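K.L.:
I'll drop the sequence and a predicted model, then ask my questions.
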Amino acid sequence: MSLDQVANSYKQSENLYVKGIETPHGRVRLIFEQLEINLEKLIVKHPQTDFVAYGKVVQCFMILSDSLDFQKGESLAEQLNELYDYCVRTVKGYLTEKDVTKLEEVLSIVNQLSESWNSIEPK
């Protein structure tokens, strides 16, 4: 197998792995998936903290906040931004309080947001 064939095979398998990333809708869907996965990791590890999963959760919320269009989204974008901020503060509070119900609350919020997002037909 030539180097070009290996490179093409790798590109094809990589495209399958990140299917959906080619559209903004798909990228947001992937962020929600990562939030769900990493919140579940934090819950499973309780009372220990999986700091890699913790960092990913905080980063995902930052990405979602940064992706909001306040001009087009107006009050909805503001409400989502406040909700994302609440979730980040709650997850950060978990580090000191070690109250797993807080993580479960954030996971429930993320699950609802993810379901809503997935019900939207991408353009």
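P.N.:
Cool, got the structure. Keep in mind that what you see is a predicted model, and the values were worked out from it rather than measured.

K.L.:
The longest helix along the chain packs against which elements?
P.N.:
As assigned by DSSP state H, the longest helix anywhere in the chain is helix 70-97. Applying 3 or more CB pairs under 8 Å, 6 or more residues apart in numbering; DSSP states H and E, one finds that helix 70-97 makes contact with helix 24-45, helix 51-66, helix 100-119. C-beta coordinates here come from the backbone N, C-alpha and C atoms, glycine included.

K.L.:
Please produce CSV containing those helices, extended by mean neighbour count and distance to K92.
P.N.:
Below are these laid out as CSV (neighbours: other CB atoms under 10 Å; distance: least, CB to CB, whole Å):
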stretch, mean neighbour count, distance to K92
helix 24-45, 17, 12
helix 51-66, 17, 7
helix 100-119, 15, 10
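
K.L.:
Of all those helices, which one is nearest T90?
P.N.:
Nearest to T90, of all the helices and strands packed on helix 70-97, is helix 100-119, at 5.1 Å by CB to CB.

K.L.:
Quick check: mean pLDDT of that closest one?
P.N.:
Averaging pLDDT along helix 100-119 gives 97.

K.L.:
thinking again about what came up before, can you give me the buried ones in the longest helix of the chain?
P.N.:
A77, L80, N81, L83, Y84, C87, V88, T90, V91, Y94 (16 or more other CB atoms under 10 Å).

K.L.:
hmm, which two among those are most spread apart?
P.N.:
Farthest pair in the buried residues of helix 70-97, by CB to CB: A77 and Y94, 26.2 Å.

K.L.:
hang on, the earlier thing: specify which member of the buried residues of helix 70-97 is nearest to Y54.
P.N.:
The closest of the buried residues of helix 70-97, once distances to Y54 are taken by CB to CB, is V91, at 7.1 Å.

K.L.:
how near is the closest one to R29?
P.N.:
Per CB to CB, to the nearest Å, V91 is found 21 Å from R29.
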